[in-house]
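S.K.: curious how this folds, go ahead:
(2 chains)
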Amino acid sequence: MAKKTQGSQRPKLAVWKFSSCDGCQLSLLDCEDELLDVAGAVEIAYFPEATRAVVKGPYDVSLVEGSVSTPEDAQRIQHVRRQSRVLVTIGACATAGGIQALRNFANVEDFTRAVYAMPEHIEALSTSTPISYHVFVDFELRGCPINKTQLVEVIGAFLLGRRPNVPTYSVCVECKRRGSPCVMVAQGIPCLGPVTQAGCGALCPAYNRGCYGCFGPMETPNTAACSAQLQALGMDDPQLTRVYRTFNAWSEAFRRESEIHDA
Amino acid sequence: MHVLERAQFDTLLEALQQHGRQVIGPVRRDGVIGYEPVRSAGDLPVGWADEQEAGRYRLHHKDHGRLFDYTAGFHTWKRYLYPPTAVLWQASRDNGRLSFETPSETPPKFALLGVRACELHAIAIQDKVFLDGAHPDPAYAVRRNNAFIIAVNCGRAGGTCFCASMETGPRAQGGYDLALTEVAEDGRHYFTVEAGTKKGERLLDELELREAIEAERAAAAAAVEAAANQMGRQMPVDGLRELLAANPESPRWEAVAKRCLCCANCTMACPTCFCSTVHDSAAMTGETAKRERVWDSCFTMEFSYVHGGSVRKDASSRYRQWMTHKLSSWHDQFGSSGCVGCGRCITWCPVGIDITEEAWLLQEAHGGPTRTGE
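M.R.: As a prediction, the model looks like this:
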């Protein structure tokens, strides 16, 4: 149970942003129906995206969005950890380094030169890394973006002192429960669903698209077998490298598989 | 045996609807034939047939106009009798007092149209699981007891079908209210109809169908006979139960594990797999809570979780568990095989793992005959 800090009536919630697009913390504002319940159950003490009012720490639950990609990020996450009883990372950036972790496979200066008019003003680390590379993380919520129902589940679970119900099995389980035909079997569309963790509700296959792997590797990903099937469906090595290198490129299983096909 | 002309088919659907039934039948959507609500014969997959292989499913259209030329559908009937998610109870707290209630939702009275012989066996197996014994499942019971089952004998077998070797088809042997056989030849298109229950007989009486003549009976019998000779697969059933029980350490389990994704598609697609798990959830305010039951699979880590970790950590132990239960220990537990030969686990495995092939290879690895009879 997230114990209340002294002097506060309700547990204090903080929402922090690191290198990210803000999409995951917006999921909290997107909760609409549940937002009033959240606001009633916790004191939203630090959440610049939602309010300028700041309540001083320490905080009972910190939601951390984004990866560590600058020297400033690397320092600030230490400060956030010290101020937080429970630290939950939200989204692919915070749990796997995000799309910006593509720099980890290349030279970051090539990117800054290509993107910025005056790259000399950019101070970036050579890698983008998950929060767990830097501090202890109590729970990692996956997704690009996260699923708001899972977010409410995690916040509720920490408030009530129970384990969050966030399954780690494949997207296929959700896809079949939903009743969607397998796009790989029925249409020959390459899909990462069998190696990707559930959580999105199998959204893309329900609209005749293959899974992009937004929720990162499932609990026991057999990426080799998946790649063999994707090859049978016509993908070559460069394409395979690319499908594993998206939002969760720096997650261990996807990184390794991408490197196998990156000749 | 009676005859329902193709042109009269809607009268059957109308009669079912007049009895307050929701007809669930074959519907083409997103490149597959699944089981969904049907209002008229126009909703059925007229002229569509499936081509099924390990890890592959495609539909093709022909001009013969048949309504039931496909084989095993993408969905299974358990979707309706044993839905993927169901709320078991809800609780609320009022001034510190907890109260529990079972959800009062009444499921529709289904008419299941187009149930294949293998699927009748699958329903019979799930009946045994959910209704026999000391604690019948009330949610299953109400759906099952209210269901009207219209079987359709197969006039064609699919590439992953092996009901003949499981002795579960292709002819419906019971467990239906009505059984149809589709005949479309020599410019005629009709169905022979048999009743299997009093309920079925009453519906037949209402439809006022004429008796089938000898030539029609013969044509229907020939159609099903043709399907029996087209089986795409064969399960080596002789001694299989003992073979699996005797070989938990076979090197075959490691071999299949290299290909197995542990994605759980086989168990979700299987018409007899019945495992579920329950999730409790509470509103943020802590004032209400509910327990939901969802389909689960022996291919997930949590399925075998006990204090300290999962018992079946790798794919070899999970595939072994699934196949051994399905084909061997199911006999000990429920008095029959858990496999009905529908072939869904083969077709819908994204990497095309074939349970019949695994059975043959296991048999071969332990001194038994090979598929080619050596």
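
S.K.: for the chain, just list every one of the helices.
M.R.: Reading this off chain A. A:23-29, A:35-41, A:71-83, A:92-96, A:108-115, A:148-160, A:171-178, A:183-187, A:203-206, A:223-232, A:237-244, A:252-260 (DSSP state H).

S.K.: wrong one, chain B
M.R.: Secondary structure of chain B, counting by DSSP H: helices at B:9-18, B:78-81, B:117-131, B:138-145, B:163-166, B:198-207, B:214-228, B:240-246, B:251-259, B:265-269, B:315-324, B:330-334, B:344-347, B:355-365.

S.K.: any idea what the closest residue to residue B:69 other than its chain neighbours is bridged to?
M.R.: Leaving aside its chain neighbours, residue B:69 sits nearest to residue B:49 (4.2 Å; criterion: CB to CB, 6 or more residues apart in numbering or on different chains). For the C-beta atoms, the positions are set from N, CA and C on the backbone; glycine is no exception. Assessed by DSSP bridges, residue B:49 has beta-bridge partners residue B:60.

S.K.: look up how far residue B:192 lies from residue B:49.
M.R.: 20 Å (CB to CB, to the nearest Å).

S.K.: these two - which one has more neighbours?
M.R.: Using other CB atoms under 10 Å in any protein chain shown, the more surrounded residue of residue B:49 and residue B:192 is residue B:192, with 22 against 19.

S.K.: the more buried one reaches residue B:172, doesn't it?
M.R.: No: using CB atoms under 8 Å, residue B:192 is not in contact with residue B:172, being 11.9 Å away.

S.K.: please list the residues of the stretch 1-150 of chain A that sit near chain B.
M.R.: A:34, A:37, A:38, A:40, A:41 (CB under 8 Å from any CB of the partner chain).

S.K.: out of those residues, flag the one nearest to chain B.
M.R.: residue A:37 (3.8 Å; CB to the nearest CB).

S.K.: for the closest one, report the pLDDT, please.
M.R.: What the model reports for residue A:37 is a pLDDT of 85.

S.K.: which residues does it contact?
M.R.: Residues counted as contacts of residue A:37 (CB atoms under 8 Å, 6 or more residues apart in numbering or on different chains) are A:152, B:283, B:284, B:285.

S.K.: excluding its backbone neighbours, what's nearest residue B:245?
M.R.: Closest residue to residue B:245 apart from its sequence neighbours, by CB to CB, 6+ apart: residue B:328 at 5.0 Å.

S.K.: surely the one you found meets residue B:246?
M.R.: No: in terms of CB under 8 Å, residue B:328 does not count as a neighbour of residue B:246; the distance is 9.3 Å.

S.K.: neighbour-wise, which of the two wins?
M.R.: Higher neighbour count among residue B:328 and residue B:246: residue B:328, with 20 against 12, using other CB under 10 Å.

S.K.: list the contacts of residue B:5.
M.R.: B:189, B:190, B:191.

S.K.: same thing but 10 Å
M.R.: Residues in contact with residue B:5 (CB atoms under 10 Å, 6 or more residues apart in numbering or on different chains) are B:11, B:188, B:189, B:190, B:191, B:209, B:210.

S.K.: ok, the first one - how many residues close by?
M.R.: Taking other CB under 10 Å as the criterion, the count of residues near residue B:11 is 16.

S.K.: got a markdown table for the helices of chain B, with distance to residue A:9 too?
M.R.: Shown next, in a markdown table, are the helices of chain B (distance: least, CB to CB, whole Å):
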| stretch | distance to residue A:9 |
| --- | --- |
| helix B:9-18 | 58 |
| helix B:78-81 | 47 |
| helix B:117-131 | 48 |
| helix B:138-145 | 42 |
| helix B:163-166 | 64 |
| helix B:198-207 | 62 |
| helix B:214-228 | 71 |
| helix B:240-246 | 61 |
| helix B:251-259 | 53 |
| helix B:265-269 | 46 |
| helix B:315-324 | 48 |
| helix B:330-334 | 54 |
| helix B:344-347 | 55 |
| helix B:355-365 | 59 |
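
S.K.: do you know which of the ones you listed lies nearest residue A:21?
M.R.: helix B:265-269 (32.5 Å; CB to CB).

S.K.: low-confidence stretches in chain B?
M.R.: Chain B contains residues with pLDDT under 70 at B:374.

S.K.: wait, isn't the residue nearest to residue B:245 in contact with residue B:334?
M.R.: No: Residue B:328 is not in contact with residue B:334 according to CB atoms under 10 Å; the separation is 11.8 Å.

S.K.: who touches both of these two?
M.R.: Common neighbours of residue B:328 and residue B:334 (CB under 10 Å, 6+ apart) do not exist.

S.K.: how about the lowest-mean-pLDDT helix or strand in chain A: buried residues?
M.R.: Every helix and strand in chain A was compared by mean pLDDT, DSSP states H and E; the lowest is helix A:35-41, with a mean of 86. For helix A:35-41, a neighbour-count test (16 or more other CB atoms under 10 Å in any protein chain shown) marks A:35, A:37, A:38, A:41 as buried.

S.K.: on that earlier part again, hey, least reliable of the helices of chain A by pLDDT?
M.R.: The bottom spot among the helices of chain A, by mean pLDDT, belongs to helix A:35-41, with a mean of 86.

S.K.: would you pull up the residue in chain B closest to chain A?
M.R.: Taking CB to the nearest CB, chain B has residue B:268 as its residue nearest chain A, at 3.4 Å.

S.K.: what's near enough to touch the nearest residue to that residue once chain neighbours are set aside?
M.R.: The shortest distance from residue B:268 to any non-neighbouring residue, by CB to CB, 6+ apart, is to residue A:176 (3.4 Å). For residue A:176, the contacting residues are A:170, A:182, A:202, A:205, B:74-76, B:79, B:84, B:263-269, B:295, B:297, B:348, by CB under 10 Å, 6+ apart.

S.K.: which residues are common contacts for residue B:192 and residue B:172?
M.R.: B:153, B:179, B:180, B:181.

S.K.: from those, list the ones also adjacent to chain A.
M.R.: Here nothing survives when the shared contacts of residue B:192 and residue B:172 are matched to chain A using CB under 10 Å from any CB of the partner chain.

S.K.: thinking residue A:135 is in contact with residue A:68, fair?
M.R.: Yes: counting by CB under 10 Å, residue A:135 touches residue A:68, with 9.5 Å between them.

S.K.: buried stuff in stretch B:77-93?
M.R.: Buried, per 16+ other CB under 10 Å, within stretch B:77-93: B:77, B:78, B:79, B:80, B:81, B:82, B:83, B:84, B:86, B:88.

S.K.: mind checking the end-to-end distance for stretch A:156-172?
M.R.: The first and final residues of stretch A:156-172 sit 26 Å from each other (CA to CA, to the nearest Å).

S.K.: list the buried ones in that stretch?
M.R.: Buried, per 16+ other CB under 10 Å, within stretch A:156-172: A:156, A:157, A:158, A:159, A:166, A:167, A:168, A:169, A:170, A:171, A:172.
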